[in-house]
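K.L.:
Sharing a model prediction with you, sequence too.
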Amino acid sequence: MNLGEKIRTGVKWLLIGSTGNRVLEFAFGVVLARLLVPADFGMIITIQVFTGFVGMVTSGGMGQALIRAKEVDECDFHAVFTMQLALGFLVYLGFFLTAPWFAQYFDNPLYSDLMRVSALFFLIRPFAFMRISWLNREMDFKTRSIVTVVTSAITGIVSVLMAIGGMGVWSLTLSGLVGGVCRNILLARFTPLRLRLNFDVSIMRRHSSYGFKIIVNDLLSHIKTEATKLIMSKLGGPAFLGLFNKADSLNRVPFGMVGSPVNQTVFRAMSKMQDDLDQTKYMFYRVITLLMVYVLPFYVGLWWVAEPFIGIVYGEKWLAAAEPLRILSMVSFCFIIGNPCGVVLMAQNRLTQEMVAQTANLVVGVTACIIGINWGLVGVAWGVFASQVFGVIYFYILVYKTIPTRITDLLKAVTPGVLLNVLLFGVLAITDSLFHGLKPTDPSLYLLVMVFSGSFVYLMLFLFVPVAALESEVTRWRSKIGDGLRLLHLRR
């Protein structure tokens, strides 16, 4: 199997895993949103700000370092595992001792126990971390996707059963630990890597050089995201944070399902061909073109149906998240362009320059949040919007200086997706106008009409509007649809 086939196969399996995982998270999330209250989610998010931050530090960027390295063997994985395990024990001890001060700061004694239990994850994390890195390096995304979906199902079932049992916020914490243990068991069963201790300091140092740059960039990005959450939690309260996080998490679902799997596969491919800048350029713009086509229509639809969707699916107590969701849906361009930029910079080891960009984006993001919170949830959403636009411009400038390219290359890459989605937006605007002209009162009917009409129209636009840049992609889909129809006819 050549590299191109590996990329397409890897993306396919990651899409299956990502979609399955997102569907399960969404389904269980809807149930939990009706069983629990926004404050429960806000408390867990507040805990995750700190555990996520420390988890990023302890990873040391080692996963990406192992994936990007031209040559590694089991000794490399064992040495990194040893370091990760030692750090995990130290981190757990630190959280256990500082938990009472954390609870005192937020004036809620429950935070102390939540912190100590949540930190147990650091003791089991290194086992999964190494095996997932091995699967990514081998581009064995099938195994990884299966494990992800099964683990998500187990976690969701456990969390719902606990919530029904009246365990409140604990249903979110304990179910995550159960899922983590199950993931380790599955990965140990299906991955040939057998972990053992290796105290070779030279190997640790070798991977730490690249890993350190990765971790600094990840930390800066993480600090920006989590700092805004802390600001909202402290100034607005857990319910305010819970509502905004609902909007933000829903906004990230479309790109998470499609964009993240693509970027993970392309990162490994770009790492293999890191010396071929022309091929890197081709892959970079091709990814942007396809993401514009496959991801952007979800955000166009989300802009129109945010309020009825949240009201119907999550209930009236979550309706305040609808307007922030509409605003955040306009950030889709930043995801679609910014994330492939990050992949190029990582593959080309331009991480020092990226640190400067992340630092500037951190300052802009936190400042925008502090200013925006004066106007409530909508103000914070516009603050996030402004910081994301600033960030993607900065990141593209770095890519512009890294590979041989021009602004016109970017315009060519985004044009096919923009064309199709402008037409989609127009059709949905007409549908919305006609629907409200009939003066119906059922939001469920509106949601169904917009979703089905938008999906059908976009499919027709994709298959029959002649766009040269999408010719091969359209041909592939026409062939698949034709094969499916023929198979259906034969079964009848």
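P.N.:
The structure has been received and is ready for your questions.
K.L.:
ends of stretch 430-444, how far apart?
P.N.:
The straight-line separation of the ends of stretch 430-444 (C-alpha to C-alpha, to the nearest Å) is 18 Å.
K.L.:
I meant to write stretch 456-472 there.
P.N.:
By C-alpha to C-alpha, the extent of stretch 456-472 from end to end equals 21 Å.
K.L.:
What mean pLDDT does it get?
P.N.:
Averaged across stretch 456-472, the pLDDT comes to 91.
K.L.:
What of stretch 343-355?
P.N.:
Across stretch 343-355, the average pLDDT comes to 84.
K.L.:
Quick one: neighbours of the closest residue to residue 82 other than its chain neighbours, just the number.
P.N.:
Distance criterion C-beta to C-beta, 6 or more residues apart in numbering; nearest residue to residue 82, sequence neighbours excluded, is residue 197 at 4.9 Å. Where you see a C-beta, it was placed from the backbone N, CA and C, and this is true even at glycine. Counted with other C-beta atoms under 10 Å, residues neighbouring residue 197 total 10.
K.L.:
Check residue 164 too.
P.N.:
Here the count is done by other C-beta under 10 Å, and residue 164 has 11 residues near it.
K.L.:
residue contacts, it?
P.N.:
Applying C-beta atoms under 8 Å, 6 or more residues apart in numbering, one finds that residue 164 lies in contact with residue 35.
K.L.:
10 Å instead, please
P.N.:
Neighbouring residues of residue 164 by C-beta atoms under 10 Å, 6 or more residues apart in numbering: 31, 35, 171.
K.L.:
if we take these, which one ends up nearest to residue 404?
P.N.:
residue 31 (50.9 Å; C-beta to C-beta).
K.L.:
what packs against the strand or helix carrying residue 227?
P.N.:
For residue 227, the element it lies in under DSSP states H and E is helix 201-236. Identification of packing neighbours for helix 201-236 by 3 or more C-beta pairs under 10 Å, 6 or more residues apart in numbering; DSSP states H and E yields helix 38-59, helix 62-68, helix 74-105, helix 238-272, helix 332-347, helix 351-372, helix 376-400.
K.L.:
one more time with 7 Å
P.N.:
With contacts taken as 3 or more C-beta pairs under 7 Å, 6 or more residues apart in numbering; DSSP states H and E, helix 201-236 sits against helix 38-59, helix 62-68, helix 74-105, helix 238-272, helix 351-372.
K.L.:
Most tightly packed of these?
P.N.:
Stretch with highest mean neighbour count among the helices and strands packed on helix 201-236: helix 62-68 (a mean of 23; mean count of other C-beta atoms under 10 Å).
K.L.:
how distant is it from the center of its chain?
P.N.:
On the basis of C-alpha atoms, centre = their mean, to the nearest Å, helix 62-68 sits 19 Å off its chain's mean C-alpha point.
K.L.:
rewinding a little: what would the helices and strands packed on helix 201-236 look like in JSON lines with distance to residue 380?
P.N.:
Listed next are these as JSON lines, based on distance: least, C-beta to C-beta, whole Å:
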{"stretch": "helix 38-59", "distance to residue 380": "14"}
{"stretch": "helix 62-68", "distance to residue 380": "31"}
{"stretch": "helix 74-105", "distance to residue 380": "22"}
{"stretch": "helix 238-272", "distance to residue 380": "6"}
{"stretch": "helix 351-372", "distance to residue 380": "4"}
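K.L.:
Can you say which of the ones you listed is nearest to residue 284?
P.N.:
Comparing these against residue 284 with C-beta to C-beta, the closest turns out to be helix 238-272 (8.1 Å).
K.L.:
buried ones in the helix or strand following the closest one?
P.N.:
As assigned by DSSP H and E, the chain's next helix or strand after helix 238-272 is helix 277-294. Buried residues in helix 277-294, counting neighbours by 16 or more other C-beta atoms under 10 Å, are found at 279-281, 283-285, 287-294.
K.L.:
so where is the stretch 151-300 of the chain shaky, pLDDT-wise?
P.N.:
The model of the stretch 151-300 of the chain has pLDDT under 70 over residues 207-215, 222.
K.L.:
Correction: the previous question concerned the stretch 1-150 of the chain.
P.N.:
Applying pLDDT under 70 to the stretch 1-150 of the chain picks out residues 1-8, 10-11, 53, 56-61, 68-70.
K.L.:
Apply 80 and report the result again.
P.N.:
1-22, 26, 37-39, 42, 45, 48-50, 52-73, 136-141 (pLDDT under 80).
K.L.:
dump the residue contacts of residue 339.
P.N.:
Contact analysis of residue 339 by C-beta atoms under 7 Å, 6 or more residues apart in numbering lists 259, 263.
K.L.:
Quick check: the gap between residue 328 and residue 288.
P.N.:
20 Å (C-beta to C-beta, to the nearest Å).
K.L.:
What lies in contact with stretch 28-44?
P.N.:
114, 156, 159-160, 163-164, 168-169, 172-173, 233, 238-239, 241-243, 245, 313-315, 318.
K.L.:
any idea how far that stretch is from the chain center?
P.N.:
The answer for stretch 28-44 is 20 Å, by C-alpha atoms, centre = their mean.
K.L.:
and what of stretch 395-407?
P.N.:
24 Å.
K.L.:
List the buried residues for it?
P.N.:
395, 396, 398, 399, 402, 403, 405.
K.L.:
Find the residue closest to the second one in space, skipping its chain neighbours.
P.N.:
Using C-beta to C-beta, 6+ apart and skipping the chain neighbours, the partner closest in space to residue 396 is residue 341 (5.6 Å).
K.L.:
which ones are touching the one you found?
P.N.:
Contacts for residue 341 were tallied using C-beta under 7 Å, 6+ apart; they are 395, 396, 398, 399.
K.L.:
Tell me the one of the residues you listed nearest residue 189?
P.N.:
Proximity of the contacts of residue 341 to residue 189 was ranked by C-beta to C-beta; the top entry is residue 395 with 39.2 Å.
K.L.:
distance of that closest one from residue 481?
P.N.:
Note on residue 395: its distance to residue 481, by C-beta to C-beta, is 36 Å.
K.L.:
Could you measure from residue 154 over to residue 129?
P.N.:
Distance check for residue 154 against residue 129: by C-beta to C-beta, it reads 19 Å.
K.L.:
Looking at the two now, which is surrounded by more residues?
P.N.:
The neighbour count for residue 154 versus residue 129, taken as other C-beta under 10 Å, is higher for residue 129 (23 against 18).
K.L.:
was I right about that one contacting residue 84?
P.N.:
Yes: using C-beta atoms under 7 Å, residue 129 makes contact with residue 84 at a distance of 6.1 Å.
K.L.:
Mind telling me which residue is nearest the centre of the protein?
P.N.:
Residue closest to the average C-alpha location in the chain (C-alpha atoms, centre = their mean): residue 256, at 4.1 Å.
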